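[1] Quick one, structure for this:
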Amino acid sequence: MMGERRVAQDALFYEFSLDRHVPADHLLRAIGRFVDLSDIR
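    Take a look at the predicted model:
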């Protein structure tokens, strides 16, 4: 079924940065020193 798409489709991928959404003095920033997330993509 090829042809024009009639229904709007949201983006499959999007960019999200925790650095822009978590304040510098938030508790989650302090936890980063103890947790290794380098294996997560």
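[2] what about this structure, any weak spots by pLDDT?
    1-2, 5 (pLDDT under 70).
[3] ranges for the helices of this protein?
    18-21, 27-31 (DSSP state H).
[4] for this structure, which residue is closest to the average position?
    residue 16 (3.5 Å; C-alpha atoms, centre = their mean).
[5] Distance-wise, check residue 13 relative to residue 41.
    Per C-beta to C-beta, to the nearest Å, residue 13 is found 13 Å from residue 41. (Glycine included, C-beta is placed from N, CA and C.)
[6] go on, residue 30?
    23 Å.
[7] The two: which has the busier surroundings?
    residue 30 (9 against 4; other C-beta atoms under 10 Å).
[8] next one: phi and psi at the residue nearest to the centre of the chain?
    Main-chain torsions, residue 16, degrees, to the nearest 10: phi -140, psi 130.
[9] ok now do it, which residues does it touch?
    Contact analysis of residue 16 by C-beta atoms under 8 Å, 6 or more residues apart in numbering lists nothing.
[10] The residue nearest to residue 22 when sequence neighbours are not counted: how many residues sit nearby?
    Nearest non-adjacent residue to residue 22, counting by C-beta to C-beta, 6 or more residues apart in numbering: residue 28, 5.4 Å away. Using other C-beta under 10 Å, residue 28 is surrounded by 10 other residues.
[11] mind checking how far residue 28 is from residue 16?
    15 Å.
[12] go on, residue 24?
    From residue 24 to residue 16 the distance is 18 Å (C-beta to C-beta).
[13] same check, this time on residue 9
    In terms of C-beta to C-beta, residue 9 sits 19 Å off from residue 16.
[14] cool, and residue 26?
    Going from residue 26 to residue 16 by C-beta to C-beta gives 16 Å.
[15] now residue 30
    Distance from residue 30 to residue 16, by C-beta to C-beta: 21 Å.
[16] Spatially, what comes nearest to residue 23 if we skip its sequence neighbours?
    residue 29 (8.0 Å).
[17] Surely that neighbour and residue 22 touch.
    Yes - counting by C-beta atoms under 8 Å, residue 29 touches residue 22, with 6.5 Å between them.
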